[in-house]
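please find the sequence and the predicted model below.
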Amino acid sequence: MGETQNLHLPLRTRSSLKKPLLIVLLVCITSVLLVCTYMYPQHNIKSPACEGLSSTSCKAALSGWLDVHVRKHTDEEVAARVVIRDILRMPPGLTSRSKIAFMFLSPGTLPFEKLWDQFFQGQEGRFSIYIHPSRLRPVHISRHFSDREIHSDHVTWGRISMVDAERRLLANALEDPDNQHFVLLSESCIPLHTFDYTYRYLIHGNVSFIDSFEDPGPHGTGRHMDHMLPEIPRQDFRKGAQWFTMKRQHALIVMADNLYYSKFRQFCRPGVEANKNCIADEHYLPTFFHMLDPGGISNWSVTYVDWSERRWHPKTYRARDVSLKFLKNITSDDMSVHVTSVGKRGDELHWPCTWNGIRRPCYLFARKFHSDSVKKLVRLFPNYTSTVV
């Protein structure tokens, strides 16, 4: 009888009992979310509220509820960014005396001097040459290369010593105020166009041609070291070929940088974290420019290379591989290709090359060519090079 009476309580009485419980429940949920936000501000640390969910799903779910945490820059970051910002605001110093600095990073002799001599012929006063021989002093056959060696040190592939050699070349080339563009080349590089074409492409281009792309695989973002935090976040870590060309302002900020360079010097090497093998010359400049001047770079290199064999090093072309058709195909290619480390064969990323907003061929130089191809290349050079940008 009593149970039957309870069933007939007024609806208003039951509603009034639910309201306080609902308010208490909402207050508890809000409090838990606020506490989690305070205790777990970093994106790379997972909140207990996200247990059982992917980090992406969790971030997406919480982003609608909470403001994204913004990290304040350290004193060192503020100082570095102020200097870099002011250098980038400097107007270009182009004059009739402006030159391109060609910087050769080589273990010793340059096997394609005869081809480069043909490229530089009649262009005195429009270029400078700097050579960093890391092992043996080169023997020269071209007057353009004689006595152009700088103070050099030993270079180990994949280590910070490669970046140190690049910075050493830049420092020497920057001593000449007429050098307004800087090109890094290896001993296996060849020119693909005439000097006039190359000069106009670089001097009058509106960006530096620095390779930088996101590789989400184990040999890309997977090489990021937590020791680089907080200055270098994982989401800003980039990859790219080391063979750059850059404007004077960009060369200056590379030389002015100590903060980001020191992070790579200390931590971008094998044995720092688990089985990660960070390769400094593939990540330092791509990451640095992506973070500090992403709109000032092309994100692709003007030096062609063939990764189709999917090995640690690109394909090497011998004399038997070289033909006029092959060279013309490279010089006319207007789509850049990047290969990620995602999957067994890697994904290919394609995007068009533009020069000052106009679709143009991507490449001014190419590598890796074997020394046995030099005679064939010298003979073919006048037939495959372009003269008009």
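Thanks, I have it.

show me where the chain has helices.
2-6, 11-39, 55-63, 75-88, 113-120, 160-174, 195-203, 248-256, 259-267, 280-292, 324-332, 374-384 (DSSP state H).

show the average pLDDT along the second one.
The one in question is helix 11-39. In this model, helix 11-39 carries a mean pLDDT of 54.

which residues does the residue nearest to Glu77 when sequence neighbours are not counted contact?
Nearest non-adjacent residue to Glu77, counting by CB to CB, 6 or more residues apart in numbering: Glu231, 6.1 Å away. For glycine as for every other residue, the C-beta is placed from the backbone atoms N, C-alpha and C. When contacts are counted by CB atoms under 8 Å, 6 or more residues apart in numbering, Glu231 touches Thr74, Glu76, Glu77, Leu259, Tyr260, Lys263.

now the residues you listed in a markdown table, with neighbour count, pLDDT and distance to Asp215?
A markdown table is the format used below for these (neighbours: other CB atoms under 10 Å; pLDDT from 0 to 100; distance: CB to CB, whole Å):
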| residue | neighbour count | pLDDT | distance to Asp215 |
| --- | --- | --- | --- |
| Thr74 | 12 | 92 | 27 |
| Glu76 | 13 | 95 | 28 |
| Glu77 | 15 | 95 | 25 |
| Leu259 | 18 | 97 | 24 |
| Tyr260 | 22 | 98 | 19 |
| Lys263 | 19 | 97 | 19 |
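
next, format those as JSON lines and append distance to Val342.
What follows is those, written out as JSON lines (distance: CB to CB, whole Å):
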{"residue": "Thr74", "distance to Val342": "33"}
{"residue": "Glu76", "distance to Val342": "34"}
{"residue": "Glu77", "distance to Val342": "31"}
{"residue": "Leu259", "distance to Val342": "31"}
{"residue": "Tyr260", "distance to Val342": "26"}
{"residue": "Lys263", "distance to Val342": "25"}
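
with respect to Phe104, which of the residues you listed is nearest?
Tyr260 (25.7 Å; CB to CB).

distance of that closest one from Ile160?
Distance of Tyr260 to Ile160, computed by CB to CB, to the nearest Å: 13 Å.

go on, Arg234?
Counting by CB to CB, the gap from Arg234 to Ile160 is 20 Å.

more neighbours, the two?
Comparing Arg234 with Ile160 by other CB atoms under 10 Å, the one with more neighbours is Ile160, at 20 against 14.

was I right about the more buried one contacting Arg269?
Yes: using CB atoms under 8 Å, Ile160 is in contact with Arg269, at 6.9 Å.

between those two, which contacts overlap?
Common neighbours of Ile160 and Arg269 (CB under 8 Å, 6+ apart) are Ala280.

for the stretch 201-350 of the chain, what spans make up the strands?
Using DSSP state E, counting those that start in this stretch, the strands found in the stretch 201-350 of the chain span residues 208-211, 245-247, 297-299, 303-304, 335-339, 348-352.

for Tyr199, which of those is the nearest?
strand 245-247 (11.5 Å).

which residues sit against that closest one?
The contact list for strand 245-247 (CB under 8 Å, 6+ apart) reads 92, 180-184, 202, 207-210, 254, 302, 364.

tell me the one of those nearest Phe104?
Comparing the contacts of strand 245-247 against Phe104 with CB to CB places Leu184 closest, at 8.4 Å.

gap between that closest one and Leu105?
Taking CB to CB, one finds Leu184 at 6 Å from Leu105.

overlap in contacts of the two?
Glu166, Leu169.

those two: which is more packed in?
More crowded of Leu184 and Leu105, by other CB under 10 Å: Leu184, with 28 against 24.

contacts only, for that one.
Residues near Leu184 by CB under 8 Å, 6+ apart: Met103, Leu105, Glu166, Leu169, Gln242, Trp243, Phe244, Thr245.

adding distance to Arg359 and pLDDT, write those out as TSV.
Formatted as TSV, those follow (distance: CB to CB, whole Å; pLDDT from 0 to 100):
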residue	distance to Arg359	pLDDT
Met103	29	98
Leu105	31	97
Glu166	30	98
Leu169	31	98
Gln242	26	97
Trp243	22	98
Phe244	22	98
Thr245	19	98
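
max pairwise distance over those: which two?
Leu105 and Thr245 (13.5 Å).

isn't Val272 right up against Cys278?
Yes: between Val272 and Cys278 there is a contact under CB under 8 Å: 7.3 Å.

show me the contacts for the most centrally placed residue in the chain.
Residue closest to the average C-alpha location in the chain (CA atoms, centre = their mean): Pro286, at 1.8 Å. Going by CB under 8 Å, 6+ apart, Pro286 touches Ile210, Asp211, Ser212, Phe213, Arg238, Lys239, Gly240.

now for the residues you listed, which pair is the farthest apart?
Ile210 and Lys239 (11.9 Å).
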